[in-house]
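*Asks:* next come a sequence and a model predicted from it.
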Amino acid sequence: MQKKTPRNSILDSGSFIFSLHNIKALCKALGKPQKSFKSIHIVGTNGKGSTALYLANILQAHGIKTGLFTSPHLVNLRERIKIDGKMIPQKNIDSILACIEQAAKTVKPSYFETLTAAAFLWFKEQKAQVAVLEAGLGGRLDCTKIAEGDIVALTSIGLDHTEILGNTKEKILREKLGIAKKGAIIITKRKRVSPPLKVGNYGKIYVRNAELAWTVAKKFLANDFNENLARAVLKKSLWHGRMQMLFKNGNLKAILDGAHNPAAAKELAKCLKEKNINSLPCIFASLTDKDTLNVLKALKPHISVCYAVQIDNSRARSVEELCEICKKLKIKAEPIAGSIKNCVLKSKSPVLITGSLYLVGKAIFALRGEFGELAEFRGLKETVD
């Protein structure tokens, strides 16, 4: 059995505080690495990660050395920090975290603050020309804000993290767009592209995300934008764990999607309807701070039976809670029998795995040796959470 990557102590030094104080102090002690490259911010409730990936790939295809910072990771935290599509090597993340630990004398940075600073240091060290930065939470007080990018792209607005960002879409929008510095270009509307773009993820929502990435890339690259280059790289671009289909011997075996709020679940349901996929066994997990009932309600037409899983997370809903919610919705539910891997491989019909990116990450780790679509995860150890 492959061991998990041990966790550096600096990642556990501080708790989450919705403020820029720690990240500003930390990056000041590190020499303000975020000032050494241009930045583009991606904010929104859903669709940030795929949009960020698509944009980074377009910029890289144009010969620009591009950093990409996303969250969360699925298997290993190295996934969060990439340059030109390559994850930061383990030895480099270890040395950077040690550097941050030395610099953090007067602050106790949170997990996300530490990894944000690590990304900034790696991009500076590798002389990235631009970094595409996915905001972690909101925007106005998100760590990535201190990069002060010239462009901000908004993917979508929905009700999530309402206890922090506000309980209306208007309040959440203000928080998201609060990431923009004075004079920044804010892009909230995508340009429709004809003929339609093709990407590695299935569903119209991902085409829309690609169109937003296309719009941002055209603004950033101006006259250097090459449509053929952009189309070619988007066709090969896949954001793992989001409407991702896994095939074995030509047969669809599993669909992975990290939908964890009602808006994302509705988009997943639309994708399944587009593909005429119904009555799937569903491996499902969720966190206590998520609107689990309405996530399942959106997916109900596509679920034949729900196999409940309690993931290894302090905020995870129990199997009993999940089954009770399913009972309210009249969805057949039971605890998963055996492993995720066996459930998928032995099922006679495709299995939907959804409800949480933490669950999707566990599934990817379990299935990485069985499906070519997950080959890039085969050399990774799980990061201790």
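*Replies:* Arrived safely.

*Asks:* in the protein, which helix or strand is least confident?
*Replies:* Least confident helix or strand, the chain: helix 162-165 with a mean of 75, by mean pLDDT, DSSP states H and E.

*Asks:* run the chain-centre distance for that helix.
*Replies:* 19 Å (C-alpha atoms, centre = their mean, to the nearest Å).

*Asks:* could you do stretch 53-65 as well?
*Replies:* 18 Å.

*Asks:* quick thing: my sequence starts at 16, can you match it?
*Replies:* Understood, numbering begins at 16; the last thing we discussed is stretch 68-80.

*Asks:* from the rest of the structure, what touches that stretch?
*Replies:* 55, 57, 81-83, 85, 97-100, 141-145, 147, 168, 214, 224-225, 228-229, 231-232, 235-236, 239-241, 244-245, 247-249, 251-252, 254 (C-beta atoms under 8 Å, 6 or more residues apart in numbering). For glycine as for every other residue, the C-beta is placed from the backbone atoms N, C-alpha and C.

*Asks:* follow-up on the earlier one: quick one: buried residues of the least confident helix or strand of the chain?
*Replies:* residue 180 (16 or more other C-beta atoms under 10 Å).

*Asks:* tell me the helices and strands packed up against the helix or strand following that helix.
*Replies:* Where DSSP states H and E defines the elements, the next helix or strand beyond helix 177-180 is helix 184-192. In terms of contacts (3 or more C-beta pairs under 8 Å, 6 or more residues apart in numbering; DSSP states H and E), helix 184-192 is packed against strand 166-169, helix 177-180.

*Asks:* about what we covered before: buried ones only from the contacts of stretch 68-80, please, as a PyMOL command.
*Replies:* Those of these that count as buried under 16+ other C-beta under 10 Å are selected in PyMOL with:
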select buried, resi 55+57+81+82+83+85+97+98+99+143+145+147+168+214+224+225+228+229+231+232+235+236+244+245+248+249+252+254
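
*Asks:* among the contacts of stretch 68-80, which lie within helices?
*Replies:* Counted as lying in helices by DSSP state H, out of the contacts of stretch 68-80, are 224-225, 228-229, 231-232, 235-236, 244-245, 247-249.

*Asks:* just to revisit the earlier point, I'd like the helices and strands packed on helix 184-192 as CSV, with distance to residue 263 appended.
*Replies:* Listed next are these as CSV, based on distance: least, C-beta to C-beta, whole Å:
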stretch, distance to residue 263
strand 166-169, 36
helix 177-180, 40
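
*Asks:* among these, which is nearest residue 200?
*Replies:* Closest approach to residue 200 among the helices and strands packed on helix 184-192 (C-beta to C-beta): strand 166-169, 4.9 Å.

*Asks:* report the rounded mean pLDDT for that closest one.
*Replies:* Per-residue pLDDT over strand 166-169 has a mean of 98.

*Asks:* on contacts alone, who are the packing partners of that strand?
*Replies:* strand 53-58, helix 184-192, strand 200-202, helix 219-236.

*Asks:* adding mean pLDDT, write the ones you listed out as JSON lines.
*Replies:* Formatted as JSON lines, the helices and strands packed on strand 166-169 follow (pLDDT from 0 to 100):
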{"stretch": "strand 53-58", "mean pLDDT": "98"}
{"stretch": "helix 184-192", "mean pLDDT": "90"}
{"stretch": "strand 200-202", "mean pLDDT": "97"}
{"stretch": "helix 219-236", "mean pLDDT": "97"}
